[in-house]
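**Q** sharing a sequence plus its predicted fold:
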Amino acid sequence: MKKAKIAVLVSGGGTNLQALIDAAGRGELPHGEFSVVISNKPGVFALERAAKAGIATCVVERKAFADKPSFEAELLKKLKEYDIDMIILAGFMLVLSADFVKNFPDRIINVHPALIPSFCGDGFYGLHVHEAALAYGVKVTGATVHFVNEVTDGGKIILQKAVEIQEGDTPETLQKRVMEQAEWIILPQAAEKVAAQIVG
């Protein structure tokens, strides 16, 4: 069976990457294969997770480049080297430009730790999202996997999963529960869905 070649872009510990690796190990990603994991920072744990799973890794460090276009040009070059069909942003802390995104229309997916259109857009990342949800007093939050377009968190929604907020939640406890009960479940599902469409 033909498989979509996937690049996973990371910036940190790689918990979402691990969820993808584990799902693939269970046979839940039959239409995709991980060709490379690319980090914009050296020495992050996500690279170790990838290496342990036998996936090629490379670092394209943002601060090694004078500006965003030259950084993205190098990133694009790496993706072409690996003949990538699809990109998954798994805790990738940089916003990609419209010029970059148009190289992969409906082929870049991102997981966001809220139910879009709530608590999303510029500035809403990491713990900030959960702080905002708790400050607002919502009773239900969750995660969304969406296509990446030129608007931050603005692409078409692929999958969503709700998570209830509990009495006494802190941003940290909520972040952990959203990961475990939503992100780690729907990210591999969405990856398979998109990969299947690509190889069609």
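**A** Cool, the structure landed.

**Q** what does the helix or strand hosting residue 46 rub up against?
**A** According to DSSP states H and E, residue 46 maps onto helix 45-52. With contacts defined as Cβ atoms under 8 Å, 6 or more residues apart in numbering, helix 45-52 is touched by 8, 10-14, 17-18, 21, 34, 37, 39, 56-57, 59, 90-91. C-beta here means a position set from N, CA and C on the backbone, and glycine is covered the same way.

**Q** make it 7 Å
**A** 10, 12-14, 17-18, 21, 37, 39, 57 (Cβ atoms under 7 Å, 6 or more residues apart in numbering).

**Q** can you point out the buried residues in stretch 144-160?
**A** Buried positions in stretch 144-160, judged by neighbour count with 16 or more other Cβ atoms under 10 Å: 144-149, 152-153, 155, 158-160.

**Q** mind checking which of the residues you listed land in strands?
**A** 144-147, 158-160 (DSSP state E).

**Q** quick check: the two most widely separated of these?
**A** 147 and 160 (13.2 Å; Cβ to Cβ).

**Q** buried stuff in the helix ranked longest in the chain?
**A** Taking DSSP state H as the criterion, the chain has its longest helix at helix 184-199. Across helix 184-199, burial judged by 16+ other Cβ under 10 Å covers 184-195, 198.

**Q** show me what it is packed up against.
**A** Packed against helix 184-199 by the contact rule (3 or more Cβ pairs under 7 Å, 6 or more residues apart in numbering; DSSP states H and E) you find strand 4-10, helix 15-25, strand 32-39, strand 86-89, strand 108-112, strand 140-147, strand 157-164.

**Q** please identify the buried residues of the fourth one?
**A** Of the residues in strand 86-89, 86-89 count as buried by neighbour count, 16+ other Cβ under 10 Å.

**Q** identify the farthest-apart pair in these.
**A** Every pair of those checked by Cβ to Cβ; the farthest is 86 and 89, at 11.1 Å.

**Q** how far out from the middle of the chain is the host helix or strand of residue 178?
**A** Using DSSP H and E, residue 178 sits within helix 171-178. Offset of helix 171-178 from its chain centre (Cα atoms, centre = their mean, to the nearest Å): 17 Å.

**Q** quick one: it to strand 157-164, angle?
**A** 120 degrees (axes from the mean of the first three to the mean of the last three Cα atoms, to 10 degrees).

**Q** and helix 171-178, what other elements does it pack with?
**A** Going by 3+ Cβ pairs under 7 Å, 6+ apart, helix 171-178 lies up against helix 127-136, strand 140-147.

**Q** I appreciate the help and will end here.
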